[in-house]
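**Q** sequence first, predicted coordinates after that:
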Amino acid sequence: MKALLTALAMLMATAHVVVAHHSFAAEYDDQKPLKITGTLTKVDWMNPHIWYYVDVKNPDGTVTTWAISGGAPGQLMRRGITKDLLVVGSTVNVEGFKAKDGSNNGFGQRVTYQDGRNVFTATDPAGRAPQR
Amino acid sequence: MTRISSKWLLLALVSICPCGLSIVTALNAQQGPASPAGIPRTADGKPDFTGTYQWPTYLPGDERGRSSATVFDRKRFAPLKPGGDTFLEPRTGDPRHDEPRDFCMPAGFPGGMLSANAMQFFQTKNHLVMVHEFQRMSRVIPLDGRAHRKGLEPMFYGDPVGRWEGDTLVIETVNFKRWGLDDYYYTNPKEYRMHSDAMRTIERLRWKSPTAMSYALTIDDPKVFTAPWTQEFEILAKPEWDKDGLFEYVCEENNRCPGGKCGAEK
C-alpha cells in the first residue's frame, strides 16, 4: 500500500508531463494517444521494459488484446513500484501511446483502477519514458 | 613521505628560493582541490569511491535533456572544426542507425554512464570497477600506473587507465569506436551526436562533500572539435540503495519491439 501511495503521489505531482525517449521514438508514436479499458490478464516483469496485457471487449463481442510496455523493472522497483501493484484480473484504464507499426501494442504511462488508484508505469517521476 | 612532511618541505623551499612559490602553485594544480573533512578514505589514505550512487546528474544552470538520461549541455561544446559536422549526423529514419540501443546494442561510453540508473563502484589499491545498472555496463579501470593497451580494435567503452592527482582520480580513456555520444533525441530529434574514433575522454572524480562527488568529464575529440571541452556533473551517494543493490538488466530478455516491429509475447 505504501508503494502504491508513493506511486500515486508521484503521478499526481507530474501527471501533466509527457516526455518520451529515443527508444520510445523508435517504437511508439506520441501523436497517437492510447486510452483503453479492459481486464489486466498478464504481467511480464522483464527487461528491458515491463510488459502487461489488457483484454478489451469490442462492441461486436470480440476481444482485442493490447500489449503495453512500461519502464525497466529496476528503475520502477527503485521507485517502489513492484510487480504486485499490477493486479491480474483487475479492470483497468491504461493511458499512453500506440505503437508505430499499427499493431495492438503501446507504451503505458499510467494504469488506473476502477476505484481511482493509479500506478505510474513509465520510468521516472518526471513522467519521462525509459531508455532502451 | 607523509603529507605533513611534504608540507614542511615545501614551506622550507619557499623560504629559501623565490622559485619555490611557483613550484608550490604547480604542485597544487596537479594535486587538485583539497578534500573536505569526513570523506571516505581507504586504509592507505586515498579517497574511497566504493559505494552505491545515482547516475551523474546536472549542476544548476545546465541545460537538461528531455529523456530520463543526463545529456551534455551544448553550450559546453567547443566549436566544431571544419569537417566536424559529422558530429551532428542527421538521423535517417532507419532505427538500426538512429537508435541501435533499440536493438540492444551497447550505449557505449560516456552515454551509458549518463543513463538514469544506479551505479555501484568497487575500489581496490590497483583498480576501480564501475558497474552501471543500465545494460550492466562494467568498467575496470587500472590504477597501477600501467599504460593503455596497444593493438586493440576500437571499442564501445574504450580503454581506461586511472591515476591520482592528489585526491582527484583522473581516468583517461582512449580507443573508442565511432558511436553516439549521449542520449540526445529529445533535445533535437533530427540529429545524432556522434563522437569520432579519435575521441579521448578524461574523467575527474573527487569528493566535494562526504556524500557527493564532482564528476568532470572532458571530451577531447580532435576530429570533431577545435579544442577539448568539459562539463561537470554531480554524483550523489545513495547508501539507501545498498539494500537492494543493482537490479539485473538483460536487454535481450524481452525486447519485444526492436525498431518498432513488435514480436510475439513471451
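**A** Sure, I can see it.

**Q** who's the closest residue to A:Lys42 other than its chain neighbours bridged to?
**A** Nearest-residue entry for A:Lys42: A:Tyr53, 4.4 Å, with adjacent residues in sequence omitted and distances by CB to CB, 6 or more residues apart in numbering or on different chains. All C-beta spots, glycine's among them, are computed from the backbone N, C-alpha and C. For A:Tyr53, the beta-bridge partners under DSSP bridges are A:Lys42, A:Ala67.

**Q** list the buried ones in stretch B:238-256?
**A** Within stretch B:238-256, the residues scored as buried using 16 or more other CB atoms under 10 Å in any protein chain shown are B:Lys238, B:Trp241, B:Leu246, B:Phe247, B:Tyr249, B:Cys251, B:Asn254, B:Asn255, B:Arg256.

**Q** of those residues, list those near chain A.
**A** Taking CB under 8 Å from any CB of the partner chain, the overlap between those and the neighbourhood of chain A is B:Trp241, B:Leu246, B:Phe247, B:Tyr249, B:Cys251, B:Asn254, B:Asn255, B:Arg256.

**Q** on that earlier part again, could you dump the buried residues of stretch B:238-256 to CSV with distance to B:Ala216 and secondary structure?
**A** As requested, those are arranged in CSV below (distance: CB to CB, whole Å; DSSP: H, G, I helix; E, B strand; the rest coil):
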residue, distance to B:Ala216, secondary structure
B:Lys238, 20, coil
B:Trp241, 24, helix
B:Leu246, 24, coil
B:Phe247, 28, coil
B:Tyr249, 27, coil
B:Cys251, 29, helix
B:Asn254, 37, coil
B:Asn255, 34, coil
B:Arg256, 39, coil
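
**Q** which one of the residues you listed sits closest to chain A?
**A** Of all those, the one sitting nearest chain A is B:Phe247; the distance, using CB to the nearest CB, is 3.0 Å.

**Q** in which helix or strand does whichever residue of chain A sits closest to chain B reside?
**A** Using CB to the nearest CB, A:Gly74 is the residue of chain A that sits closest to chain B, at 3.0 Å. Under DSSP states H and E, the secondary-structure element containing A:Gly74 is helix A:73-78.

**Q** show me where the stretch 51-200 of chain B has its strands.
**A** Read by DSSP state E, counting those that start in this stretch, the stretch 51-200 of chain B holds these strands, from start to end of the chain: B:51-53, B:119-123, B:127-132, B:137-142, B:159-165, B:168-174, B:179-180, B:194-195, B:200-209.

**Q** so the second one versus strand B:168-174, what angle?
**A** Meaning strand B:119-123. Inter-element angle recorded for strand B:119-123 and strand B:168-174: 110 degrees (by axes from the mean of the first three to the mean of the last three CA atoms, to 10 degrees).

**Q** contacts for strand B:119-123?
**A** For strand B:119-123, the external contacting residues (CB atoms under 8 Å, 6 or more residues apart in numbering or on different chains) are B:42, B:46, B:48-55, B:113, B:128-133, B:235, B:245-246.

**Q** now with 10 Å, please.
**A** The contact list for strand B:119-123 (CB atoms under 10 Å, 6 or more residues apart in numbering or on different chains) reads B:40, B:42, B:46-56, B:113, B:128-134, B:137-141, B:143, B:162, B:169, B:205, B:213, B:235, B:237-238, B:241-242, B:245-246.

**Q** got it, and the third one?
**A** If you take CB under 10 Å, 6+ apart as the criterion, strand B:127-132 is touched by B:49-50, B:52-53, B:55, B:107, B:109, B:112-115, B:117-123, B:137-144, B:160, B:162, B:169, B:171, B:203, B:205, B:245-246, B:249.

**Q** just the buried members of the residues you listed?
**A** Applying a neighbour-count criterion of 16+ other CB under 10 Å, the buried members of the contacts of strand B:127-132 are B:49, B:52-53, B:55, B:107, B:109, B:112-115, B:117-121, B:123, B:137, B:139, B:141-143, B:160, B:162, B:169, B:171, B:203, B:205, B:246, B:249.
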